[in-house]
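>>> Fold the stuff below for me.
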Amino acid sequence: MTDIVFETKRLLVREIERNDFEQLNRICSDPELMKFVGDSNPLPPEQTLKWIEITICNYMEKGFGNYAVIEKAGNAFIGYCGLVYSESIKQIELIYALKKEYWNKGLATEVAIAMLDFGHSRKKIETIYASIDPLNAASKKVLGKIGFKYAFLKNDEFGLPSVYYSSYNPKK
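Here you go, the predicted structure:
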């Protein structure tokens, strides 16, 4: 079992492993879950597998990446959350997605708060960005709750409009 990166009251966050492919692919191939992610299209299995390999490399090369979100109560893989390099803005971005049955329970906010703290405190990342589709009201609400502020509007690497928010925490 991979080491736990951090935990919250209800969640464990750990490194993604190759044997997480089926669980991660269920999320990445779901059209509803991917509606506001990337180019808005579900990922084919080979792209999910490539993402896992890139993620594993990021742990070694950058010291952080995308992580598996596990619900403590049932030890279930419920989504992902992480810090990734954005090609669009050449900065670090917070990302997250949870399976539909875990929506509206405060879990995205819970894991996002902890990931933000991980990035600022443990990884000493001064500014962390998040980008969302202008129509993604749920993510806008999460970002507001955890202290992100509007930064700018810009088309992402797919040419789609994205609203960028930032969280600034000067290094101590």
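>>> Let's test this: mean pLDDT of stretch 110-130, rounded?
Within the predicted structure, the mean pLDDT of stretch 110-130 is 96.
>>> what packs against the top strand by length along the chain?
The longest strand of the chain (DSSP state E) is strand 76-86. The contact analysis (3 or more Cβ pairs under 8 Å, 6 or more residues apart in numbering; DSSP states H and E) places strand 76-86 against helix 21-28, helix 45-61, strand 66-71, strand 91-98, helix 107-117, strand 127-132. From N, CA and C alone the C-beta is placed, and that goes for glycine too.
>>> and with 10 Å instead?
Contact here means 3 or more Cβ pairs under 10 Å, 6 or more residues apart in numbering; DSSP states H and E; on that basis strand 76-86 packs against strand 11-15, helix 21-28, helix 45-61, strand 66-71, strand 91-98, helix 107-117, strand 127-132.
>>> how about TSV for those, with distance to Lys154 and mean neighbour count added?
As requested, those are exported to TSV (distance: least, Cβ to Cβ, whole Å; neighbours: other Cβ atoms under 10 Å):
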stretch	distance to Lys154	mean neighbour count
strand 11-15	29	19
helix 21-28	24	18
helix 45-61	23	15
strand 66-71	22	23
strand 91-98	11	20
helix 107-117	21	20
strand 127-132	8	21
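>>> what would these look like in a markdown table with distance to Phe77?
Output for those, formatted as a markdown table (distance: least, Cβ to Cβ, whole Å):
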| stretch | distance to Phe77 |
| --- | --- |
| strand 11-15 | 10 |
| helix 21-28 | 4 |
| helix 45-61 | 13 |
| strand 66-71 | 6 |
| strand 91-98 | 10 |
| helix 107-117 | 13 |
| strand 127-132 | 22 |
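>>> Identify whichever of those lies nearest to Gly144.
With Cβ to Cβ, the closest approach to Gly144 among those belongs to helix 107-117: 9.8 Å.
>>> How far away from the center of its chain is that closest one?
Centroid separation for helix 107-117 versus its chain: 9 Å, with Cα atoms, centre = their mean, to the nearest Å.
>>> Quick check: the gap between Lys9 and Ile89.
Between Lys9 and Ile89 the distance is 32 Å, computed by Cβ to Cβ, to the nearest Å.
>>> So which of the two has more stuff around it?
A count of neighbours by other Cβ atoms under 10 Å puts Ile89 above the other of Lys9 and Ile89, at 18 against 8.
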